[in-house]
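Participant: Have a look; sequence and predicted model below, questions after that.
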Amino acid sequence: MAHSGTGPRLILVGPPGAGKTTVGELVAATLGVPLCDSDAEVERLAGTTVPEIFRTRGESEFRVLEHDAVTRLLSEHDGVLALGGGAVLHPGTQAALAGHHVVFLDVDADHAVARVARSGARPLLEGDPAARFEALMTARRPVYERVATARVGTGGRTAEDVAADVLRTLVAPASSAAPATSPAPAAPQAPASSAEPAPGPAPASAPAPTAPAAPATRITVTGAAPYDVVVGHGLDGEVLDLVGPDASRVLLVHPAALAGRAEALRAELAAAGRTALTHEVPDAESAKTLDVVAGCWDLLGERRFGRDDAVVALGGGATTDMAGFVAATWLRGIRLVNVPTTLLGMVDAAVGGKTGINTAAGKNLVGSFHPPAGVVCDLDSLGTLPAVDLRAGLAEVVKCGFIADEEILRLVEADGGAAALRPGSPVLRELVERAVAVKARVVGADLREAGLREILNYGHTFAHAIERTEGYTWRHGDAVAVGMVFAAELARAAGHLDETDVRRHRGVLEALGLPTAYGEDRWPDLLDAMASDKKVRGSTLRFVVLDAVGRPTILRGPAPEQLEAAWAAVRG
Ligand SMILES: NC(=O)c1ccc[n+]([C@@H]2O[C@H](COP(=O)([O-])OP(=O)(O)OC[C@H]3O[C@@H](n4cnc5c(N)ncnc54)[C@H](O)[C@@H]3O)[C@@H](O)[C@H]2O)c1
Ligand SMILES: O=C(O)C(=O)C[C@@H](O)[C@H](O)[C@H](O)COP(=O)(O)O
């Protein structure tokens with residue numbers, strides 16, 4: 001269940017001793033949002049403690065007070081909400097929880113009683129706590145299971161482990177988001193060498209369809225200003241809608257390869273009464289410079305673009321990153337519509353609001369979070385995309401498979417990657433939709449990368465180091481492919497990942513023709529570049545690694561010999 005933008009991002013339910021407050025604090029800190037506890041809200045409103053309310057007014061009156069407090073929090077609290085153990089008993093509260101992301105923290109009597117004994121008075125467990133807990137769970141378990149959208153077991157586990165599992169429920173694919181009765185989810189370019197096929201359009205035997213194969217799919221990215229990612233065919237009409245009625249001026253930023261499409265969109269916008277101008281920027285990574293941004297600012301100034309006006313970014317990730325940064329900074333932020341035309345742009349760069357440029361110190365080091373008003377992924381664009389760029393985009397799709405949606409890996413493995421590499425194939429469309437859905441769930445929960453969003457950086461610490469070391473001549477997706485193998489080898493060296501999963505990385509990436517090794521003897525340069533990674537804290541390197549497929553975690557300060565082992569394994 002995605003966060004709707006109002007009300008709590010996540011609600012924890014469960015019996016006393018399940019760890020709702022402790023786990024809630026960790027989850028809230030990772031998401032960068034406040035935690036609210038319904039018991040604390042009742043105490044605030046009543047001006048006395050919960051045990052005192054039970055003693056002087058009885059349980060039924062407490063439940064009424066609690067229901068009022070919960071109703072209020074469900075509409076006003078935009079963070080993590082921990083509900084008192086019996087709050088779900090009120091039928092009105094049960095109904096009000098529908099449509100929210102509710103995680104049932106399940107626990108056995110032994111652990112619950114031990115925790116309660118440590119944490120102080122719980123009126124309902126007085127006397128024989130174990131027997132009272134069992135009785136209480138017999139009555140309440142069916143209710144917890146009915147109202148919850150996911151369940152996580154907490155008995156005998158650390159609060160950190162449980163919190164990681166709870167966060168994973170936010171990114172788990174809808175189809176596998178644990179129904180309450182199931183067990184908790186198990187926890188949530190290459191250089192243009194002579195050997196590489198010459199860039200050219202993807203295989204002519206499989207053109208993109210000219211007629212819509214299926215209606216467009218809309219995937220909502222939630223947050224303060226929710227927006228849709230539209231995936232389908234023949235979607236130019238969507239761009240006009242997203243520019244909105246108020247924008248009288250529209251700047252269409254594009255590289256040379258998209259000049260024809262930019263002109264067609266310009267004509268369409270002009271026909272709708274807008275002053276639309278096209279602005280060609282340098283290709284690929286050479287667009288992501290301060291000079292190019294300054295050129296855009298100059299143009300916006302000359303044409304007097306105001307707060308109601310809009311930028312449309314048409315192109316690959318380099319174009320949307322740079323043009324997004326222009327939109328984020330002009331007048332401190334104007335409307336942005338992303339029209340990604342590469343696979344990588346559709347599944348990753350255009351979604352989530354990260355905009356930015358490169359500097360001498362490293363990749364994407366200057367930028368801003370500036371979510372678009374919408375993202376238009378017209379799959380017909382992929383028909384002209386060079387095969388090497390399609391392949392590179394699949395690296396970010398595979399990344400989503402490893403961090404959150406194993407079905408992506410299965411779809412690639414099913415036919416050795418053949419359908420994934422074919423523009424117009426239903427499999428490629430499903431891969432796009434699944435990867436967008438993963439990204440949407442993550443950035444909807446954590447726009448500003450307070451914690452959870454870091455999982456999208458899987459493979460990127462080493463990838464960005466390759467890109468910088470190679471002067472940005474590698475395709476980003478190719479670097480990410482090698483970076484994921486590096487991360488997998490590092491995880492194995494650090495005791496997180498087993499050999500089978502490491503082999504699976506190479507298998508899936510090689511099936512798609514992606515590189516899995518970096519042969520240059522430049523370890524000191526790579527180490528130096530990794531030291532500028534945004535995930536570094538103090539001078540400690542932090543890597544996203546996997547405990548297993550779908551179980552990302554952070555590895556802090558790996559030992560030099562672990563880094564060396566991973567390096568030795570990707571040197572080819
Ligand atoms: N902001 C984010 O969250 C995010 C996420 C992932 C990647 N990125 C960034 O995205 C960039 C990589 O994006 P990319 O892989 O799309 O590369 P890109 O933007 O360089 O595009 C690749 C090439 O394809 C061409 N092209 C684009 N669309 C085409 C089409 N339909 N037909 C023919 N040619 C076309 C481009 O002109 C370019 O030469 C990197 O700078 C990376 O850092 C950002
Ligand atoms: O959206 C994110 O967050 C990501 O990390 C997605 C990455 O795939 C992407 O390459 C992004 O540009 C990297 O961001 P950065 O903050 O590491 O520069």
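Facilitator: It's in. Ligands and ions are numbered 1, 2, ... in the order given.

Participant: which bits of this protein sit near ligand 1?
Facilitator: For the chain, the residues in contact with ligand 1 (C-beta under 6 Å from any ligand atom) are 255, 257-258, 283-285, 288, 315-319, 321, 341-342, 344-345, 348-349, 352, 354, 364, 381, 384-385, 389, 392-393, 476-477. Where you see a C-beta, it was placed from the backbone N, CA and C, and this is true even at glycine.

Participant: Now do the domain split for this structure, please.
Facilitator: Per the TED database, the domain ranges recorded for the chain read 10-171, 217-385, 450-570.

Participant: so does the longest one get close to ligand 2?
Facilitator: Going back to what we said before, that points to domain 217-385. Yes. Domain 217-385 reaches ligand 2 (C-beta under 6 Å from any ligand atom) through 348, 352, 354, 364.

Participant: Please tell me how far L452 sits from L541.
Facilitator: 20 Å (C-beta to C-beta, to the nearest Å).

Participant: So for those two, which sits in the more crowded spot?
Facilitator: L452 (23 against 17; other C-beta atoms under 10 Å).

Participant: list the contacts for that one?
Facilitator: 30-31, 167, 170-171, 442, 445-446 (C-beta atoms under 8 Å, 6 or more residues apart in numbering).

Participant: Once you drop chain neighbours, what's closest to it?
Facilitator: Nearest-residue entry for L452: D446, 4.1 Å, with adjacent residues in sequence omitted and distances by C-beta to C-beta, 6 or more residues apart in numbering.

Participant: Number of residues surrounding the one you found?
Facilitator: For D446, the neighbour count with other C-beta under 10 Å is 25.

Participant: ok, it touching V27?
Facilitator: No. Counting by C-beta atoms under 8 Å, D446 does not reach V27; the two are 10.8 Å apart.

Participant: Okay, buried residues for the helix or strand of the chain with the lowest mean pLDDT please.
Facilitator: Within the chain, no helix or strand scores below helix 109-119, which has a mean of 84 by mean pLDDT, DSSP states H and E. Using 16 or more other C-beta atoms under 10 Å as the test for burial, helix 109-119 gives 109, 111-113, 115-116.

Participant: Packing partners of that helix?
Facilitator: Packing contacts for helix 109-119, counted by 3 or more C-beta pairs under 8 Å, 6 or more residues apart in numbering; DSSP states H and E, involve helix 129-147.

Participant: who does the next helix or strand after the helix it packs on pair up with?
Facilitator: Counting by DSSP states H and E, the next helix or strand C-terminal to helix 129-147 is strand 150-153. Strand 150-153 sits in its sheet next to strand 102-106 (parallel), going by DSSP bridges.

Participant: Could you pull up the residues touching the residue nearest to the spatial centre of the chain?
Facilitator: The C-alpha lying nearest the average C-alpha coordinate of the chain belongs to V442 (C-alpha atoms, centre = their mean; 2.6 Å). When contacts are counted by C-beta under 8 Å, 6+ apart, V442 touches 170-171, 352, 404, 452-453, 455-456.

Participant: roughly how far apart are R146 and A98?
Facilitator: Distance, R146 to A98, by C-beta to C-beta: 10 Å.

Participant: Ok, L555 next?
Facilitator: L555 sits 39 Å away from A98, going by C-beta to C-beta.

Participant: The two: who's more crowded?
Facilitator: L555 (19 against 10).

Participant: got the buried residues for stretch 27-42?
Facilitator: For stretch 27-42, by 16+ other C-beta under 10 Å, it's 27-28, 30-33, 35-39, 41-42.

Participant: from the middle of its chain, how far away would it be?
Facilitator: Per C-alpha atoms, centre = their mean, to the nearest Å, the displacement of stretch 27-42 from the mean C-alpha position of its chain is 21 Å.

Participant: how long is that stretch from one end to the other?
Facilitator: 22 Å (C-alpha to C-alpha, to the nearest Å).

Participant: got the contact list for it?
Facilitator: With contact meaning C-beta under 8 Å, 6+ apart, stretch 27-42 is reached by 8-10, 12, 20-21, 24-25, 50, 53, 62, 65-66, 69-70, 72-73, 77-84, 87, 163, 166-167, 445-446, 448, 450-452.

Participant: Would you mind listing which of those are buried?
Facilitator: 8-10, 12, 20, 24-25, 50, 53, 62, 65-66, 69-70, 73, 77-84, 87, 163, 166-167, 445-446, 451-452.

Participant: what's around V337, how many residues?
Facilitator: By other C-beta under 10 Å, the residues close to V337 number 29.

Participant: What are the contacting residues of the strand or helix carrying it?
Facilitator: According to DSSP H and E, V337 maps onto strand 335-340. Strand 335-340 has contacts (C-beta under 8 Å, 6+ apart) with 239, 242-244, 247, 265, 308-317, 320, 323-324, 327-328, 345-346, 349-351, 355, 370-378, 381.

Participant: Quick one, which of those are buried?
Facilitator: Buried among the contacts of strand 335-340 (16+ other C-beta under 10 Å): 239, 242-243, 247, 265, 309-317, 320, 323-324, 327-328, 345-346, 349-351, 355, 370-378, 381.

Participant: All the helices of the stretch 251-400 of the chain, residue numbers only.
Facilitator: Applying DSSP state H, counting those that start in this stretch to the stretch 251-400 of the chain gives helices spanning 259-271, 290-302, 317-329, 343-344, 387-403.

Participant: Let me know the pLDDT of the residue of the stretch 1-150 of the chain found nearest ligand 2.
Facilitator: Across the stretch 1-150 of the chain, the shortest distance to ligand 2 (C-beta to the nearest ligand atom) belongs to G32, at 13.8 Å. pLDDT, G32: 83.

Participant: and the angle from the least confident helix or strand of the chain to helix 129-147?
Facilitator: 110 degrees (axes from the mean of the first three to the mean of the last three C-alpha atoms, to 10 degrees).

Participant: tell me which element R434 falls in.
Facilitator: Element membership for R434 (DSSP H and E) is helix 426-445.

Participant: what's downstream of that helix, the next helix or strand?
Facilitator: Next along the chain after helix 426-445, taking DSSP H and E as the criterion, comes helix 460-469.

Participant: and G538, how many neighbours does it have?
Facilitator: 6.

Participant: same question, the one 4 residues further on
Facilitator: When neighbours are defined as other C-beta under 10 Å, R542 has 19 of them.

Participant: Ok, T222 next?
Facilitator: For T222, using other C-beta under 10 Å, the count is 20.

Participant: Report the separation between it and T341.
Facilitator: In terms of C-beta to C-beta, T222 sits 25 Å off from T341.

Participant: Not counting its neighbours along the chain, what's nearest the residue in the stretch 401-550 of the chain positioned nearest to ligand 2?
Facilitator: Nearest to ligand 2 in the stretch 401-550 of the chain, going by C-beta to the nearest ligand atom, is L456, at a distance of 3.6 Å. Distances taken as C-beta to C-beta, 6+ apart put V442 closest to L456, at 5.8 Å, once the chain neighbours are dropped.
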